[in-house]
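**Q** okay, sequence plus prediction incoming.
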Amino acid sequence: MSRMATRARVRVTRTQLRARGGAPARWRRPRRSSAAPKPTGRASFRHCLHAEWIKIRTMRSTLYVVLGTLAFCVGLAALNGTSAGTEYADMTAADQATFDPLAVSLRGYLLAQIALGLLGGLVITAEYGARTIVGTLTSVPHRGRVLAAKAVVLVGVVLPVGLLVSLAGFLVGQASLAGADAPHLGLSEGLAQRGIWGGGLYLALAALFGLAIGTVIRSTTATVTTLFGVMLIVQAFAPALPGAVGDWVSKYWPPIAGGQIITGYRDPALLDPWAGFTVMAGCVAVLLTVAFVVFRKRDA
Amino acid sequence: MIDVRGLTKRYGDVLAVDGLTFAVRPGEVTGFLGPNGAGKSTTLRMILGLDAANSGTATVNGRPYAEQPAPLKAVGALLDPGAVLPSRTAYHHLLGLAAGNGIPRGRVDDVLAEVGLENVGRRRAGTFSLGMRQRLGIAAALLGDPPVLVFDEPLNGLDPEGIVWIRSLMRRMAAEGRAVLMSSHLMSEMELTADHLIVIGRGRLIADMTMKAFIEAHSDREVLVRSPQITELRRMLATAVNVRTDGPDGLLVTGLEPAEIGALAAAGDVELHELTARQVSLEQAFMDLTRDAQEFRTERAETAETPEKAEKAERLESAEKPDKAETEAGR
């Protein structure tokens, strides 16, 4: 019991007597010393990480996104492998030369990047939607710490999922190609390793991309729309853009450049796989920086 | 304790909070009153570091909120009872908040029991009624066993039993030596719960005093007097500031004490059947405060007021309508 609590007790007495005209029924003695300053552990980044981990694992969307992504990527790899494998025999020699068994098995990333990007966005937009951001920021007022913890926990969830999705897609896709007697890759080949690890890392980047976008625009719907636009629609329209612009977009638009990581065939007009990956990583780094600045400055 | 000094928040051209200064002391329940849009929630959000002030400071136990080593152990707050992810259980909602401050898991069960939600802790918060969400929000505020508590409209959506529960909780928290700040529009509840009042209007401080002093200062006390000789009595009381009839044989007198009325009646040989000082409520005092400010606007053109009263009303009015006060001062 410290000085402060003693003073508080005196104040209770005086206030109560003044306000209630001395009525003793309202006057209670302090029961315990809990209101006194007590040794409080300083909240740390580790605590914040723990909090964000609890939140992401108790958000129902997390499980749906993970299971849905896995099912979609494996299913698409099986279908693509089978159909591309059967078509391979009828292809021209030129088409056969550019046949890319790696990309055939990993094409599911097109939708996986949106699903995991959405998960990244939801980590923060769900908080704005349900207004739990108020509780989060009263628990941890260090905004940078909150966003950093969200990013770390998100990568901790999404990177294993991305790697699993890539590995499973690869194995199922190559098995389907092999079943159709088309060229296929073994797991130990360097190309396969790059595609699987790179694919997993790319999906983690996509999730961080979603987190950065979600932090800035705060709405789940707008985040989904943005993800579709940036990751699919630009890609689909790039060939329709006029000459130089179209070429530039096809080469440098971050998700297109980053997507080179899962292709086996090298198109000389596009960036190298790891160079493309770096463009995507740089883009995500810039967006995350913007997200940090905005998140720190803006009223909650 | 909470210490607010010169706190100002501007949204574009609108001053939502305008140089607000007050303190919330430990061991008391401090009521935070003001009409809608007075800036109560904005003030609370600035105290909690959610919104940045344009100028001024708000500290809790001498530190700004963001600099608290473990904020939930310094301040417990209920701002928005609806702020729960519907698919998350009440238990996990609290667990996530507790984890951020290193508060042990067992404390979550403790606070769920304290607010009477121990049997529904594993249910999704989306299935909760508004009253249950209020209790969940209060559980979150109690997680860190903090010496300072801030509640924004904690009575919304509560049934009568819940309201009584909140009242006793607040009284108990204050009796334990905590500083409790609570806003509410339910004046009758505020009157029963709060020791001290802070009243704001249009972002400015209107009153900062004890409940008793506020009611006495801001409401004219009425005395009910009944007599069979009502006409004579009325004539004798003509000096009183205000006399209204109440039923066939009653008068409501403002501006005279019961003893003075009794003395007048005795001197004039008038028989009295009842002489009662009316207990004035906080609600009436609060309404009168607003009405005073409004009446002044119409009276001012016709009659000259005493400078003292004019000054008081000016202060009230400018708190209500800053732009109007400016134009009138410019005449």
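**A** Nice, thanks for sending it over. Numbers count the residues shown, from 1 in each chain, chains lettered A, B, ... in the order given.

**Q** neighbouring contacts of stretch A:262-277?
**A** Contact partners of stretch A:262-277, identified using Cβ atoms under 8 Å, 6 or more residues apart in numbering or on different chains, comprise A:98-103, A:106-107, A:109, A:166, A:185, A:191, A:194-195, A:198-199, A:201-202, A:205, A:247, A:250-252, A:256-261, A:279. Quick note: C-beta positions are derived from backbone N, CA and C, even for glycine.

**Q** now that stretch: buried residues?
**A** By neighbour count on 16 or more other Cβ atoms under 10 Å in any protein chain shown, the buried set for stretch A:262-277 is A:262-264, A:270-271, A:273, A:276-277.

**Q** off-centre distance for that stretch?
**A** Here stretch A:262-277 is found 23 Å from its chain centre; the criterion is Cα atoms, centre = their mean, to the nearest Å.

**Q** which residue is nearest the middle of chain A?
**A** In chain A, the residue lying closest to the centroid (Cα atoms, centre = their mean) is A:Ala207, at 2.2 Å.

**Q** how close does it sit to A:Leu271?
**A** To A:Leu271, A:Ala207 is 22 Å away according to Cβ to Cβ, to the nearest Å.

**Q** with B:Asn119 instead?
**A** Distance, B:Asn119 to A:Leu271, by Cβ to Cβ: 59 Å.

**Q** same check on B:Asp249?
**A** Using Cβ to Cβ, B:Asp249 is found at 98 Å from A:Leu271.

**Q** you'd agree B:Trp165 is in a strand?
**A** No. Counting by DSSP: H, G, I helix; E, B strand; the rest coil, B:Trp165 is not found in a strand; it is helix.

**Q** need the phi and psi values for B:Asp51.
**A** phi -110, psi 140 (degrees, to the nearest 10).

**Q** so it sits right up against B:Thr8, yeah?
**A** No. B:Asp51 is not in contact with B:Thr8 according to Cβ atoms under 8 Å; the separation is 11.5 Å.

**Q** what about the two, which has more around it?
**A** The neighbour comparison of B:Asp51 against B:Thr8 (other Cβ atoms under 10 Å in any protein chain shown) goes to B:Asp51, with 20 against 16.

**Q** need the helices for chain A, in chain order.
**A** Listed in chain order, the helices of chain A (DSSP state H) span A:3-20, A:45-57, A:60-88, A:93-97, A:101-106, A:109-129, A:133-139, A:143-179, A:190-217, A:220-228, A:234-237, A:243-252, A:254-259, A:273-297.

**Q** ok, how many other residues are close to the nearest residue to B:Gly255 once chain neighbours are set aside?
**A** In space, and not counting its chain neighbours, B:Gly255 is closest to B:Val241: 3.1 Å by Cβ to Cβ, 6 or more residues apart in numbering or on different chains. Neighbour count of B:Val241, defined by other Cβ under 10 Å: 9.

**Q** distance of B:Val241 relative to B:Val223?
**A** B:Val241 is 11 Å from B:Val223, by Cβ to Cβ.

**Q** correct me if wrong: B:Arg123 contacts B:Thr89.
**A** Yes. Assessed by Cβ under 8 Å, B:Arg123 is found in contact with B:Thr89 at 6.2 Å.

**Q** so these two - more neighbours on which side?
**A** B:Thr89 (19 against 14).

**Q** got the residues of the stretch 51-200 of chain A near chain B?
**A** Applying Cβ under 8 Å from any Cβ of the partner chain, one finds that the stretch 51-200 of chain A approaches chain B through A:51-52, A:54-55, A:58-60, A:126-127, A:130-142.

**Q** ok, back up a step: can you list the buried residues of stretch A:262-277 in JSON lines and add pLDDT?
**A** Shown next, in JSON lines, are these (pLDDT from 0 to 100):
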{"residue": "A:Ile262", "pLDDT": "93"}
{"residue": "A:Thr263", "pLDDT": "91"}
{"residue": "A:Gly264", "pLDDT": "89"}
{"residue": "A:Leu270", "pLDDT": "91"}
{"residue": "A:Leu271", "pLDDT": "93"}
{"residue": "A:Pro273", "pLDDT": "94"}
{"residue": "A:Gly276", "pLDDT": "95"}
{"residue": "A:Phe277", "pLDDT": "97"}
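
**Q** where does the chain have its least confident helix or strand?
**A** Assuming you mean chain A. Ranked by mean pLDDT, DSSP states H and E, the weakest helix or strand in chain A is helix A:3-20, scoring a mean of 43.

**Q** which residues does A:Ser61 contact?
**A** Contacts for A:Ser61 (Cβ under 8 Å, 6+ apart) come out as A:118-119, A:122, A:126.

**Q** now do 7 Å
**A** The contact partners of A:Ser61, by Cβ atoms under 7 Å, 6 or more residues apart in numbering or on different chains, come to A:119, A:122.

**Q** so can I have JSON lines of the helices of chain A showing distance to B:Leu136?
**A** Listed next are the helices of chain A as JSON lines, based on distance: least, Cβ to Cβ, whole Å:
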{"stretch": "helix A:3-20", "distance to B:Leu136": "28"}
{"stretch": "helix A:45-57", "distance to B:Leu136": "16"}
{"stretch": "helix A:60-88", "distance to B:Leu136": "18"}
{"stretch": "helix A:93-97", "distance to B:Leu136": "62"}
{"stretch": "helix A:101-106", "distance to B:Leu136": "45"}
{"stretch": "helix A:109-129", "distance to B:Leu136": "16"}
{"stretch": "helix A:133-139", "distance to B:Leu136": "10"}
{"stretch": "helix A:143-179", "distance to B:Leu136": "21"}
{"stretch": "helix A:190-217", "distance to B:Leu136": "25"}
{"stretch": "helix A:220-228", "distance to B:Leu136": "23"}
{"stretch": "helix A:234-237", "distance to B:Leu136": "43"}
{"stretch": "helix A:243-252", "distance to B:Leu136": "49"}
{"stretch": "helix A:254-259", "distance to B:Leu136": "41"}
{"stretch": "helix A:273-297", "distance to B:Leu136": "26"}
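
**Q** for the residue in the stretch 101-250 of chain B positioned nearest to chain A, give me the pLDDT.
**A** The minimum distance from the stretch 101-250 of chain B to chain A, using Cβ to the nearest Cβ, falls at B:Gly177 (3.3 Å). On the pLDDT scale, B:Gly177 is placed at 96.

**Q** quick check: it is in a strand.
**A** No. With the criterion set as three-state DSSP, the secondary structure at B:Gly177 is coil rather than a strand.

**Q** number of residues surrounding it?
**A** Neighbourhood size, B:Gly177 [other Cβ under 10 Å]: 27.

**Q** hmm, it is touching B:Glu28, no?
**A** No. Taking contacts as Cβ atoms under 7 Å, B:Gly177 lies outside contact range of B:Glu28: 9.9 Å.

**Q** great, nothing more from me.
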